[in-house]
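S.K.: pasted the sequence and its predicted model underneath.
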Amino acid sequence: MIVLIDTNVILDVLLKREPYVSEAKFIMTKCADREITGYLAAHSIPNLFYILRKAYSVEERRRFIRNLCDIFHISDLNAEKIILAVENDGFKDFEDCLQEECAVEAMADYIITRNTDDYKNSRIKAIEPNAFIELLEKK
């Protein structure tokens with residue numbers, strides 16, 4: 001199974017945000033163990049680096065990014081994806097539309113996010129972490 005992990009799920013782990021951290025960590029572990037194929041959108045990386053600046057040092061953030069690159073495939077961002085996202089009026093948030101473009105290219109089965117409402121017009125089904133875990137447990 002192939003999944004694209006939204007930035008908010010990674011932040012749940014790195015910022016230890018309750019009550020979401022355990023589900024997010026479970027999914028990241030499944031990706032790290034190669035039980036599922038995880039992707040991150042390339043633009044999530046600088047967003048994470050910036051958002052984490054108040055909680056972690058530069059060295060710690062660099063280590064996190066290196067670890068994420070070991071765990072996940074990184075879907076690149078290019079002019080084609082940007083243009084497709086700009087021209088897509090099915091999303092309120094441009095960043096979410098870019099996430100969807102990366103998920104489409106990765107041929108993801110799901111986008112794992114806590115903001116499923118933001119993806120109601122997505123070509124790739126958005127699913128919350130807890131629902132994704134339930135789906136895995138049924139298999």
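M.R.: Great, that's in hand.

S.K.: output the lowest mean pLDDT helix or strand found in the chain.
M.R.: The helix or strand of the chain with the lowest confidence, counting by mean pLDDT, DSSP states H and E, is helix 79-87 at a mean of 90.

S.K.: now what about it, what contacts it?
M.R.: F91, F94, C97, L98, E100, E101, C102, E105 (C-beta atoms under 8 Å, 6 or more residues apart in numbering). For every residue, glycine as well, the C-beta is placed using N, CA and C.

S.K.: check contacts around the fourth one.
M.R.: L98 is in contact with A41, H43, L77, K81, I82, A85, counting by C-beta under 8 Å, 6+ apart.

S.K.: reformat those residues as JSON lines; add distance to K25 and neighbour count.
M.R.: Formatted as JSON lines, the contacts of L98 follow (distance: C-beta to C-beta, whole Å; neighbours: other C-beta atoms under 10 Å):
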{"residue": "A41", "distance to K25": "20", "neighbour count": "27"}
{"residue": "H43", "distance to K25": "23", "neighbour count": "19"}
{"residue": "L77", "distance to K25": "26", "neighbour count": "17"}
{"residue": "K81", "distance to K25": "29", "neighbour count": "21"}
{"residue": "I82", "distance to K25": "32", "neighbour count": "15"}
{"residue": "A85", "distance to K25": "29", "neighbour count": "19"}
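
S.K.: and which of the residues you listed is nearest P129?
M.R.: The nearest member of those to P129, counting by C-beta to C-beta, is A41 at 16.9 Å.
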